[in-house]
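In: Turn this into a structure:
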Amino acid sequence: MMISMPALRISAGLVAMTLGLLLASHFLGLLPSEQEHRLRERQQFCETLAVQMSLVLRDEDTGLAQSVLTTLTQRNPDVRSAALRRTNGELIAATNAHPVQTQAFDKQSTNSDFVKVPIHSSGGRWGAVEVFFDPMISHSLIPFLDMPVIKLMLFVALIGALLFYVFVRRALKHLDPSNVIPARVKATLDVLAEGVVLIDDNDNVVLANESFA
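Out: Here you go, the predicted structure:
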């Protein structure tokens, strides 16, 4: 099957416009953001963990606090480690990897990968729940390929180009003015020794016999 250059050019234009619309929708916030979704999940997890720790600490049961902390963190694959720490720095409960990581983040403020949720008692601030998450930003060689919008645009570019080309090629075939003229009329015009050409109102060549060509 020969490639139709007009259909190919039109298909490329349609793909470019579609990708432009997707990109504009992303910057306008019309497409769902995976990062915002993960941030909401992390916020809900930290709030739930802080509430659970507050309830456990009412009975001053550090063993139960350790058990609840371990169970909740194991159920969330996005969590690297978590700990319950008093304001004086005493570690009440923690997962295995947390003490080593905490030394590097003692003075770090809360961000997307490290969260401190304060816990208060009747006497004031008791301590805080500390949670380390997997990095939100990918460290792969090509990090932008991990973005959902980029994956969507690549899919649309590849599949859309093929579908657009097939559709436009069939549409142009049905819109070809030469198909309106019966084959016997074309054959009669080709017999003529003189050149014959038909043009439309816009001076575009609609049909020409072999002598004219």
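
In: got the contact list for V156?
Out: When contacts are counted by Cβ atoms under 8 Å, 6 or more residues apart in numbering, V156 touches V15, T18, L19, L22. To be clear about C-beta, it is placed using only N, CA and C from the backbone, and glycine gets the same treatment.

In: By neighbour count, which of these wins?
Out: V15 (21 neighbours; other Cβ atoms under 10 Å).

In: Pretty sure it sits in a helix.
Out: Yes. According to DSSP: H, G, I helix; E, B strand; the rest coil, V15 belongs to a helix.

In: So which of the contacts of V156 sit within strands?
Out: Using DSSP state E, no member of those falls within strands.

In: got those as TSV, with pLDDT columns?
Out: Below are these laid out as TSV (pLDDT from 0 to 100):
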residue	pLDDT
V15	92
T18	93
L19	91
L22	89
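
In: out of the residues you listed, which are inside helices?
Out: In this view, the contacts of V156 that belong to helices under DSSP state H are V15, T18, L19, L22.

In: any chance of those in a markdown table, plus distance to M147?
Out: Supplementary listing: the ones in helices among the contacts of V156 in a markdown table, determined by distance: Cβ to Cβ, whole Å:
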| residue | distance to M147 |
| --- | --- |
| V15 | 19 |
| T18 | 17 |
| L19 | 14 |
| L22 | 12 |
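
In: farthest-separated two in the residues you listed?
Out: Pairwise distances across those (Cβ to Cβ) peak at 10.6 Å, for the pair V15 and L22.

In: After the longest helix seen in the chain, which helix or strand is next? Please name it.
Out: Longest helix in the chain by number of residues (criterion: DSSP H): helix 148-175. Next helix or strand after helix 148-175 toward the C-terminus (DSSP states H and E): helix 183-191.

In: chain center to that next one, what's the gap?
Out: Centroid separation for helix 183-191 versus its chain: 56 Å, with Cα atoms, centre = their mean, to the nearest Å.

In: Can you point out the buried residues in the helix or strand following it?
Out: For helix 183-191, the following helix or strand on the C-terminal side (DSSP H and E) is strand 197-199. Neighbour counts using 16 or more other Cβ atoms under 10 Å place no residue of strand 197-199 among the buried ones.

In: Show me what strand 197-199 packs onto, helices and strands only.
Out: Counting by 3 or more Cβ pairs under 8 Å, 6 or more residues apart in numbering; DSSP states H and E, the packing neighbours recorded for strand 197-199 are strand 205-208.
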